[in-house]
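Trainee: I would like to see how this sequence folds:
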Amino acid sequence: MTPRSLVAALLSALLLAACTSTTVRPLPSVVGTAGRAPASAPPAAPSATSAPTVQASPVVPSPLPSSAAPTAFTTPLPPAAGAAWTTIQWHALASDDPLQLVRSVLRWRGGFLAVGRDAAGTPVWTSRDGAHWDPLPFDTATTFWPGLLVVDVAEVRTGLVALTLLAGTYDCGAAPVCPTYSSTLPLLAWTSPDGRRWAPTTGPDLGSPAHWPGPPLLAAGPTGLVLAAPTAPTRLAISPDGVHWRTLPAGALPADVRIGGLASSAAGFTAVGTQQVSVDHDRAAAFTSADGTTWTGPSALLDPTASGMLTSSGASWGASALVAARDGLIATGGFFATPGATLWWHSADGRAWQALPGYPPLGPTTCIGEGCGGGPDGSLLGDGERMVALRGGADAGVWTSLDGLVWQRLAVSGDGPDAAATAAGTDHPPRLLPWGVLASDGTTTWFGAAGT
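Mentor: Now for the predicted structure:
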């Protein structure tokens with residue numbers, strides 16, 4: 001029996017045991033185009049029960065066309081968690097440097113875990129010290145199946161939890177046809193005690209990913225995990241450990257809310273998004289929860305008219321992302337009009353919000369031309385510990401903050417990125433790592449090593 005079939009048999013046995021006490025629900029049969037829901041197939045309504053749901057036994061996916069196997073690499077030793085950054089030293093990466101594939105890095109009590117993106121899917125590396133990185137093999141009895149897309153990883157009391165989908169992409173670029181996700185394996189949760197050994201378990205029932213306009217949103221807090229499907233009505237699930245999931249009943253959030261950003265803090269969870277207030281008007285909204293189960297809101301969030309960011313109340317606006325630091329949050333979004341200006345708002349606790357019309361510390365763009373100007377001059381990043389504001393080009397700069405209000409400009413040296421590599425809203429956004437930042441213009445990737 002192959003390693004893949006061993007894992008599939010194990011998961012099938014787990015599901016069979018669970019079915020003795022839980023009703024199995026049929027999976028959705030509609031498979032649409034990734035990136036948007038088909039017009040004829042609206043998302044299904046949230047489950048009316050709060051009991052865990054169990055899906056039918058998944059089909060092990062076929063491997064994607066493989067590229068070169070990921071290789072080990074080394075990076076500068078990360079600063080200690082919470083250490084203040086004072087410098088950034090830039091250099092351009094070689095075209096074959098594995099670091100340029102990295103999309104996210106999780107620092108946890110057992111070390112570090114990095115998730116990348118290449119033609120074969122999502123390579124994964126682990127490191128004990130954050131400097132020496134070893135690739136994780138796929139398709140073994142104790143690792144991920146081939147053909148899976150690792151969409152997020154979080155830490156819980158028992159170790160790590162990863163969420164996977166059948167491989168594909170929400171960013172279709174210039175491709176004439178977007179890849180689709182199979183409804184036979186909509187979402188799986190995997191658990192690991194050390195980042196090297198992984199076991200699959202049934203994920204929460206949040207509907208078919210074929211209807212999702214983006215990846216699910218995951219946040220880890222003191223009480224465990226909160227997971228949100230990017231749909232309206234918003235579908236939520238919670239778990240203390242990544243194994244035992246509870247799908248929240250309809251009404252946990254208002255039915256007319258679509259979540260765009262989710263973050264955690266010592267006080268609980270904050271979600272921001274867009275709420276429909278009439279048939280032709282939407283506004284930004286924020287909600288908070290101590291444990292992910294009971295949510296309060298919407299907060300008096302983000303009225304651009306009252307803050308002076310808008311002179312007319314006729315336009316719709318919404319929040320599409322949430323950037324978190326240790327002592328504060330910045331929600332980002334914008335107007336739905338074309339072209340629509342970008343909006344930023346700040347909060348210390350997710351409840352009281354204030355507008356940030358000047359996008360501090362980046363300031364607005366000053367370029368001239370169609371589609372240019374009116375937005376932040378650079379990108380805003382966050383990892384829950386710190387925020388980083390990043391701008392390349394002739395007026396390059398890097399700033400850090402622990403609350404989103406007080407910013408420290410760092411001393412910068414080396415060969416830095418161009419403005420295209422740090423612009424907001426591109427297909428290749430900059431990435432914040434525990435030991436620096438990555439920026440790419442689609443051709444060249446730059447790494448900025450942080451110093452303390």
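Trainee: from here on, just use CA atoms for contacts and neighbour counts.
Mentor: Will do.
Trainee: show residues contacting the longest strand seen in the chain.
Mentor: In the chain, ranked by residue count with DSSP state E as the criterion, the top strand is strand 268-278. Residues outside strand 268-278 that contact it (Cα atoms under 8 Å, 6 or more residues apart in numbering) are 219, 221-223, 256-264, 282-292, 317-322, 331, 350.
Trainee: buried ones among those?
Mentor: Buried members of these, counted by 16 or more other Cα atoms under 10 Å: 219, 221-223, 256-264, 282-292, 317-322, 331, 350.
Trainee: wait, isn't L101 in contact with G116?
Mentor: Yes - assessed by Cα atoms under 8 Å, L101 is found in contact with G116 at 5.0 Å.
Trainee: just to revisit the earlier point, sheet-wise, list the partners of the longest strand of the chain with their directions.
Mentor: Strand 268-278 pairs in its sheet with strand 257-265 (antiparallel), strand 281-289 (antiparallel), by DSSP bridges.
Trainee: neighbouring contacts of the first one?
Mentor: The one in question is strand 257-265. Residues contacting strand 257-265 (Cα under 8 Å, 6+ apart): 217-221, 228, 230-234, 269-276, 319-324, 326, 331, 384.
Trainee: try it again with 6 Å
Mentor: Strand 257-265 is touched from outside by 219, 221, 231-232, 234, 269-275, 320-322, with contacts defined as Cα atoms under 6 Å, 6 or more residues apart in numbering.
Trainee: which residue ranges of the stretch 1-150 of the chain form helices?
Mentor: Along the stretch 1-150 of the chain, counting by DSSP state H, counting those that start in this stretch, helices occupy 3-18.
Trainee: where does the prediction get shaky in it?
Mentor: By pLDDT under 70, the low-scoring segments of the stretch 1-150 of the chain are 1-69.
Trainee: which residues of it fall in strands?
Mentor: All strands of the stretch 1-150 of the chain, identified by DSSP state E, counting those that start in this stretch, fall at 73-74, 87-92, 102-108, 111-116, 124-127, 132-135, 148-156.
Trainee: which one of those strands is the most hemmed in?
Mentor: Mean neighbours per residue, mean count of other Cα atoms under 10 Å, is largest over the strands of the stretch 1-150 of the chain for strand 124-127, with a mean of 23.
Trainee: by contact count, what packs against that one?
Mentor: Secondary-structure packing of strand 124-127 (3 or more Cα pairs under 6 Å, 6 or more residues apart in numbering; DSSP states H and E): strand 111-116, strand 132-135.
Trainee: P200 is nearest to which of those?
Mentor: Among those, the nearest to P200 by Cα to Cα is strand 111-116 (17.5 Å).
Trainee: give me the angle between that closest one and strand 148-156.
Mentor: With axes from the mean of the first three to the mean of the last three Cα atoms, to 10 degrees defining the directions, strand 111-116 sits at 150 degrees from strand 148-156.
Trainee: which non-adjacent residue is nearest L218?
Mentor: Leaving out its chain neighbours, the residue that sits closest to L218 by Cα to Cα, 6 or more residues apart in numbering is L227, at 4.6 Å.
Trainee: need the three-state assignment for that neighbour.
Mentor: strand (DSSP: H, G, I helix; E, B strand; the rest coil).
Trainee: how near is it to A449?
Mentor: 32 Å (Cα to Cα, to the nearest Å).
Trainee: again, but for R431
Mentor: For R431, the distance to A449 - Cα to Cα - is 12 Å.
Trainee: please apply the same query to A141.
Mentor: Using Cα to Cα, A141 is found at 36 Å from A449.
Trainee: for V243, which non-adjacent residue is spatially closest?
Mentor: Leaving out its chain neighbours, the residue that sits closest to V243 by Cα to Cα, 6+ apart is T201, at 6.2 Å.
Trainee: just list whatever residues bridge to that neighbour.
Mentor: A189.
Trainee: what comes into contact with stretch 431-448?
Mentor: 78, 88-93, 105, 417, 420-421, 430, 449-450.
Trainee: for that stretch, give the mean pLDDT please.
Mentor: Across stretch 431-448, pLDDT averages out at 96.
Trainee: any buried residues in it, and which?
Mentor: Quick answer for stretch 431-448 (16+ other Cα under 10 Å): 431-441, 445-448.
Trainee: pull the contacting residues for the closest residue to W407 other than its chain neighbours.
Mentor: Excluding its sequence neighbours, the residue lying closest to W407 (Cα to Cα, 6+ apart) is S401, at 4.8 Å. Listed by Cα under 6 Å, 6+ apart, the contact set of S401 reads R386, M387, W407.
Trainee: of these, just the buried ones, PyMOL syntax please.
Mentor: Remark: buried members of the contacts of S401, expressed as a PyMOL selection using 16+ other Cα under 10 Å:
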select buried, resi 386+387+407
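Trainee: identify, from the contacts of S401, the entry nearest to A154.
Mentor: The nearest member of the contacts of S401 to A154, counting by Cα to Cα, is R386 at 17.3 Å.
Trainee: dump the residue contacts of that closest one.
Mentor: By Cα under 6 Å, 6+ apart, the contact set of R386 is A325, S401, L402.
Trainee: the last one and A352, how far apart?
Mentor: Shown here: L402 relative to A352, a distance of 18 Å by Cα to Cα.
Trainee: the more surrounded of the two?
Mentor: Taking other Cα atoms under 10 Å, L402 and A352 do not tie; L402 has more neighbours (22 against 14).
Trainee: unless I'm mixing things up, that one is touching L329, no?
Mentor: No - applying Cα atoms under 6 Å as the test, L402 and L329 come out as separate, 9.4 Å apart.
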